[in-house]
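Q: quick one: sequence and predicted model below, then my questions.
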Amino acid sequence: GQNIDQPTEMTATEGAIVQINCTYQTSGFNGLFWYQQHAGEAPTFLSYNVLDGLEEKGRFSSFLSRSKGYSYLLLKELQMKDSASYLCASHSGAGSYQLTFGKGTKLSVIP
Amino acid sequence: NAGVMQNPRHLVRRRGQEARLRCSPMKGHSHVYWYRQLPEEGLKFMVYLQKENIIDESGMPKERFSAEFPKEGPSILRIQQVVRGDSAAYFCASSPGYDTDTQYFGPGTRLTVL
């Protein structure tokens, strides 16, 4: 089976750094995705990790530890427009192309 | 390059009616996925299709729900005899291939059952 856990809500200040954690338990694993979803809109792809380590892309970075079943999304220099839900999703690999999503972390950026 | 397109964006149906949701994948993408998002819940996988084939429908309710992706035209998710519990946002995603290819999502169809 698949299980994804992430915090329900977080609040951070404009200009600060925030880390959103995600833990997963899966019967098979072939990568970890992060998506951003503003209220009422489509999820937008942010990052994909399949190997251990940190992937940096501008203000956003994503980290994966396969041995620990753990990932985090790091957002730097927070802007008000970063207020959104951040969805962690695992991909269980060949033969099963579905993504299993967590419930999402609602991030509120305050002035 | 247009993204994934879904229509209608909002759909209201009375109990017992049929709902048809359409999805046109991104240009060059031949793989389509449908997900459902209930209020306060995460996205749940429903079905994965390629042109003219259902590859994985393990997340699809056994009754009233069906999906197709014909050789020509959009993918369609069909819900017969809708009930209030079907009210949700239905998202379609597409990818160029399979396995670890990134899935790109459409804007969703918000279905409300009265």
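A: Received, thanks. Residues are numbered from 1 along each chain as shown, chains lettered A, B, ... in the order given.

Q: give me the neighbour count for B:Gly97.
A: 12 (other Cβ atoms under 10 Å in any protein chain shown). Quick note: C-beta positions are derived from backbone N, CA and C, even for glycine.

Q: without its sequence neighbours, what residue ends up closest to it?
A: B:His31 (6.7 Å; Cβ to Cβ, 6 or more residues apart in numbering or on different chains).

Q: hey, what's that neighbour bridged with?
A: B:Gln50, B:Ser95 (DSSP bridges).

Q: next, the contact list for it, please.
A: A:97, B:25, B:48-50, B:94-98, B:101 (Cβ atoms under 8 Å, 6 or more residues apart in numbering or on different chains).

Q: show me what the one helix or strand in chain B whose mean pLDDT sits lowest is in contact with.
A: Ranked by mean pLDDT, DSSP states H and E, the helix or strand of chain B with the weakest confidence is strand B:53-56, at a mean of 91. Strand B:53-56 has contacts (Cβ under 8 Å, 6+ apart) with A:96-98, B:47-49, B:67-69.

Q: tell me which two of the residues you listed sit farthest apart.
A: A:Ser96 and B:Glu68 (20.8 Å; Cβ to Cβ).

Q: settle it for me: which of these two has more neighbours?
A: A:Ser96 (19 against 16).

Q: next one: that one, what pLDDT does it get?
A: In this model, A:Ser96 is scored at 61, pLDDT.

Q: what's around the residue lying closest to B:Pro96 once chain neighbours are set aside, how many residues?
A: Once flanking residues are discounted, B:Pro96 sits nearest to B:His29: 5.1 Å by Cβ to Cβ, 6+ apart. When neighbours are counted by other Cβ under 10 Å, B:His29 registers 17.
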